[in-house]
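Q: turn this into a structure:
(chains A and B)
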Amino acid sequence: MTAGLKPTHNALGVAPSWWRRLSLLGGRLYSRPVSAIGTTITILFLLVAICGPLIAPYEENEILASEARQPPSAEHWFGTDNLGRDVFSRVILGAREILVLAGLGTLLAVICGTLFGLLSGYRGGWFDEITMRIFDSLLALPALLLALLLLGTVGQSKYSVLIVLVIVYTPIVARVVRSVVLAVKPQGFVDAARLGGETQTRILFREIMPSVLPTLSVESALRFSYAIFLVASLGFLGVGVQPPSPNWGLMVKEARTFASLVPWALFFPAAAISIVVIGVNLMADGVKRVIGPEQAD
Amino acid sequence: MTATSSADRCVLDIKGLTVAYQHEGEWLEAVREVSLRIHSGETHGLVGESGSGNTALVLAVMNYLADRASIRSGEIQLGDIDLVSLNDSQLRQVWGSKLTLVPQNPQSALNPSLRVGDQLIEILRYQLNLSQKEAENLAIEWLERVHLADPNLVAESYPHQISGGMQQRVMIAMALCTAPDLLILDEPTTNLDVTTQAVILDLIRELIQDQDTGVLYVTHNLGVIAQICDRVAVMYASELVEDAATQDLFSQPLHPYTQGLIDSIPHLGDTKDSIQLRAISGQIPPIGEGPSGCVFRTRCPIAIEICSSRPPLYLAGDARYSRCHRWEEIARHELSAHQPAPVGKAGQRPTQDGEPPTLEVNNLNIHFPLRRSLAEVIRGQPVKILRAVNNVNLEIPAGSTLGLVGESGSGKTTIARGIMGLERKTDGSIKLLQIPLPDKLSQRDLETLRLLQIVFQNPEEALNPYLPIGETLRRPLIRLSGLSKSEADAKVGELLAAVRLPPAYAGRLPGQLSGGEIQRVALARAFASNPELLVLDEPISSLDVSVQAAILNLVGELQSDHQNSSLFISHDLAIVGYLADQIAVIYLGSLMEVAGPGDLFHPPHHPYTEALLSSIPQVDPNSKEAAIYLEGDIPTPAELPSGCPFHTRCPRFLGEICTTTTPPWQVDQISGKRIFCHIPPNDLAAVQKRNITRGSSDA
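A: Numbering: from 1, shown residues only, chains lettered A, B, ... in the order given. The predicted structure follows:
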């Protein structure tokens, strides 16, 4: 009764705006400590990604040869790596790269997945059959394996990582959207819109889309956390983003060789990955809890 | 009905019970100071619409309230046991032995993974300490007592393998096998079809007759109450407003709400031309938002100043109670909440000669191929076909209303969807104003769509929960009627006014409206494009009784204003009879009978119509019990019986001809009604006149 973003009673008798619903969501997220922590972590990392260059004391690839392999100190909070680069600056500046890459990948996958999911669920028939079988075969492969296969084909660059994210996550988003569409489609108001002569585009985006949004927002947040993880993993495996980029996964890979000499160069980027993934995941879980009870109805 | 002797011991004694739910830190009273006594052998009805508090009362009696609900004051005595003070393990001793329940939905009450027999045996072994062998024998005996045709087979079945009616019989056996002190029946027949309901009611009546179990029968259906209960308690907005013997309550209700409830139900034989239904204005207030003083005063036609103080439960005669300040005036007939019935508006517009019928349906067939499993495909089994609609012919003359009556699964909704273009026909033709309608919705032009509109059954999904009402109403105006945005905005207000909703509702979302209000908006949307044919698919069946009448009246009124034709679909004969100019009765996808509303209730009847008419519980305790019971369940449309589809259950089964030959359409010479039966109408009339048909327009 109380939970959920489904528009219900308000004093003015006016439909709440999306902005109002967003602030409502924020309020509810902060009413549970765990979701509050997750949301705070996510927001902090986003801020770091935006203002990175203002915070970072050094350039990402600035080599301070005389200060190589320094342990954490007041000068170098996270110490310096084997080459003498400031780990703190690299972690800070790496946030932008990984979050932008993962964010953009998720966004594109969500857009593609939503389009496929809407059409597939609404139209049904052979279109649905073919799309879903293709997506099934993509889903049959573990995400990392699929990513490695694809990177082998399209070459290794930032852009190929982006393409990989879209191909890996589109089927998952499409399935989720399709399942909501299938639940909404048989309801009277969709039939009424069809009988009211509405176009398919309008029915999809005006009538059905609002019911998809709550689920989609949970799914997007979850996808985002996995995308961060995937980008870091690919960096660690040495495919995708190439040195000297401050990709956290890549940093872990580079520091691994000297783990006994500069453990801090390995620890801090690894911690950054864990914290941001956990943070986004907790937030996604919170969003799900806020919206969840209605889905169960 | 059991003879009441109030000298019997009291099995349930509720004193000043108040139950409240905690909602956002506030306590909202769902049951307020209710007192009720049930004696052994007595059947006590409890009537209330949704939100009236009867569910909370039942849960409190079961001592099974949710965590956020609690009993704030009062006591509940089951015989000499104080129910409120029992702990969980003590309650388990009481539940199932002294206190049992038959729920509304047997499907969810039976364990789907245990055989029916084992579930019954478990109760017998645990509660009566029987050995496995004794329990098995007794279980079979009980399955026989609830008239299950093959008790051994049923005992071996899983719940999903037997029909809803059979499941409910099993639940009744479970509830009665321990000879409880108190049996609670919570809307036990609400989910069943009317013909099944009649059989189950008869069974309940038979079984409780020879037990001294006290029965609390919760229902919203006054007809059922009249047929089965000795006493009735009426709940409204958390309060018990009247408590009286059934006879007294129906002959002279002493509370205006009871009167309104009785008045708002159309009787068999009432038509919109003869009377307008007397609806109770407004709607039941949400829990905790009722008015101060008398809870009914905002909707009461005879409320005066004194009503703003809370009335006590007056003792109004011998063992009857009314919570109305003015009961004495009502009892002395000085005052009545019973308003003179306004004469209905004549609905049908005079048909001009040569004016084409609005809708012509010829030989309509809608079949669905069922998906085969992989194993079936490999074994080469033929595709099974679900024959939802078979050779249906309908004609709706300009400006008139055709009622389509049938039980669930009879194909009535499929016909509606076929006409609307939401389902594709297999064969036959559908003509709107003599122009054949294309099958697919996408092939129909906007003008065709404009002429054809529908109101759906379920208010919960009729409107897009994310779009404001105004937007929902504006769309057909712009898209179908071709109005500009500003013209449409102005028209939205008119539409809302036509369905008696304030203009401010344009900005609201469906979640803020009650079910009745949503159906009003759905009606407004359907009328927005000024259609020629309006299909109403059970528009009121999910609404509360006191709201139904208002919506029915509104439908009749809008129709006579717009002069459109309509197809009114319902499972309720009285409602269809009230609104329709012609009635078609459908069974298993085939029409059985087509008649005028006056003629439908007089012989000759098709044997199925006859059974339907006799199954409807009358809102009159003096009316006779149902004369005809249909045995068995409706066959599945995937395996249609040969010959006449009704022959498997027909009480007037002739013999081989019914199983082999499709019956002819016979026309009754006197009334002109058409009957799909081998028996000539005159013969039908002769046998049916002997059983004086109930509900012949004496109401």
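
Q: give me the nearest residue to A:Val262, chain neighbours excluded.
A: The shortest distance from A:Val262 to any non-neighbouring residue, by CB to CB, 6 or more residues apart in numbering or on different chains, is to A:Arg69 (5.2 Å). The C-beta positions use only the backbone N, C-alpha and C, and glycine is treated the same way.

Q: do B:Pro291 as well
A: Computed as CB to CB, 6+ apart, the closest residue to B:Pro291 that is not its neighbour in sequence is B:Thr298, at 5.0 Å.

Q: sec struct for that neighbour, please.
A: Secondary structure state of B:Thr298, per DSSP: H, G, I helix; E, B strand; the rest coil, is coil.

Q: excluding chain neighbours, what is closest to B:Arg231?
A: Using CB to CB, 6+ apart, the closest residue to B:Arg231 is B:His44 (4.8 Å).

Q: which element, helix or strand, includes that neighbour?
A: In this assignment (DSSP states H and E), B:His44 forms part of strand B:43-47.

Q: list the contacts of B:Leu176.
A: Neighbouring residues of B:Leu176 by CB atoms under 8 Å, 6 or more residues apart in numbering or on different chains: B:100, B:142, B:183, B:207-208, B:211, B:213.

Q: and if we set it to 10 Å?
A: By CB atoms under 10 Å, 6 or more residues apart in numbering or on different chains, the residues touching B:Leu176 are B:100, B:102, B:142, B:145-146, B:183, B:204, B:207-208, B:211, B:213.

Q: nearest to chain A, of the residues you listed?
A: For these, the minimum distance to chain A (CB to the nearest CB) is 25.7 Å, reached by B:Val102.

Q: surely that closest one touches B:Met171?
A: Yes. Proximity of B:Val102 to B:Met171 meets the contact threshold set by CB atoms under 10 Å, at 4.9 Å.

Q: joint contacts of those two?
A: With the criterion set as CB under 10 Å, 6+ apart, the overlap between the contacts of B:Val102 and B:Met171 is B:109, B:185, B:188.

Q: ok, of these, which come out buried?
A: Applying 16 or more other CB atoms under 10 Å in any protein chain shown to the shared contacts of B:Val102 and B:Met171, the neighbour count classes B:109, B:185, B:188 as buried.

Q: helices - which of the residues you listed land there?
A: Using DSSP state H, B:Ala109 are the members of those that sit in helices.

Q: B:Leu36: which of the buried ones among the shared contacts of B:Val102 and B:Met171 is nearest?
A: Distance ranking of those against B:Leu36, using CB to CB, places B:Leu185 first at 15.1 Å.

Q: tell me the pLDDT at that closest one?
A: Note on B:Leu185: pLDDT of 93.

Q: in the sheet, who's paired with it?
A: Per DSSP bridges, residues listed as beta-bridge partners of B:Leu185: B:Val102, B:Tyr217.

Q: check contacts around it.
A: Listed by CB under 10 Å, 6+ apart, the contact partners of B:Leu185 are B:43, B:45-46, B:58, B:100-104, B:171-172, B:175, B:200, B:204, B:208, B:215-219, B:224, B:228.

Q: likewise B:Gln90?
A: Taking CB under 10 Å, 6+ apart as the test, what B:Gln90 contacts is B:63, B:81, B:83.

Q: let's see 7 Å
A: Not one residue lies near B:Gln90 by CB atoms under 7 Å, 6 or more residues apart in numbering or on different chains.

Q: would you mark the buried spots in stretch A:240-249?
A: Residues of stretch A:240-249 classed as buried under the neighbour-count rule (16+ other CB under 10 Å) are A:240-241, A:245-249.

Q: give the helix, strand or coil label for B:Glu487.
A: The local conformation at B:Glu487, judged by three-state DSSP, is helix.

Q: same check, this time on the one 10 residues further on
A: With three-state DSSP as the basis, the three-state label of B:Ala497 is helix.

Q: measure how buried the residue nearest to B:Arg231 is and give me the count.
A: Number of residues near B:His44 (other CB atoms under 10 Å in any protein chain shown) recorded here: 25.

Q: one more: B:Asp683?
A: When counting by other CB under 10 Å, one arrives at 13 neighbours for B:Asp683.

Q: equivalent analysis for B:Leu65, please.
A: As a burial measure, B:Leu65 scores 17 neighbours (other CB under 10 Å).

Q: which residue packs closest to it, ignoring adjacent ones?
A: Once its chain neighbours are removed from consideration, B:Leu65 has its nearest residue in B:Leu59; the separation is 5.0 Å (CB to CB, 6+ apart).

Q: where does that neighbour fall, secondary structure wise?
A: B:Leu59 is located in helix B:54-61, with elements delineated by DSSP H and E.

Q: from the contacts of B:Leu176, which would you call buried?
A: The neighbour-count test (16+ other CB under 10 Å) applied to those identifies B:100, B:102, B:142, B:145-146, B:183, B:204, B:207-208, B:213 as buried.

Q: closest one to B:Thr660 out of the residues you listed, please.
A: B:Val146 (34.2 Å).

Q: which ones are touching the closest residue to the closest one other than its chain neighbours?
A: Distances taken as CB to CB, 6+ apart place B:Arg169 nearest to B:Val146, at 4.1 Å, with adjacent residues excluded. Residues near B:Arg169 by CB under 7 Å, 6+ apart: B:146-148, B:203.

Q: which members of those are positioned in helices?
A: Using DSSP H, the contacts of B:Arg169 in helices are B:Leu203.

Q: can you list the contacts of B:Arg169 in TSV and add distance to B:Gly411 and pLDDT?
A: Below are these laid out as TSV (distance: CB to CB, whole Å; pLDDT from 0 to 100):
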residue	distance to B:Gly411	pLDDT
B:Val146	30	89
B:His147	28	86
B:Leu148	28	87
B:Leu203	28	88
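
Q: now, among the buried ones among the contacts of B:Leu176, which is nearest to B:Val619?
A: Looking at the buried ones among the contacts of B:Leu176 and their distance to B:Val619, the nearest is B:Ile204, at 18.3 Å (CB to CB).

Q: so what's the closest one up against?
A: Applying CB under 7 Å, 6+ apart to B:Ile204 gives the contacts B:172, B:185, B:228.

Q: the first one contacts B:Val102, correct?
A: Yes. Taking CB atoms under 7 Å as the contact criterion, B:Ile172 and B:Val102 are neighbours in contact, 5.7 Å apart.

Q: quick check, B:Pro468 in contact with B:Leu509.
A: Yes. Taking CB under 7 Å as the contact criterion, B:Pro468 and B:Leu509 are neighbours in contact, 5.9 Å apart.

Q: which one of the two is surrounded by more residues?
A: In this view B:Pro468 and B:Leu509 are compared by other CB under 10 Å, and B:Leu509 has more residues nearby, 24 against 21.

Q: can you tell me how far that one sits from A:Leu54?
A: When distances are taken as CB to CB, to the nearest Å, B:Leu509 and A:Leu54 turn out to be 44 Å apart.

Q: now A:Val110
A: 30 Å.
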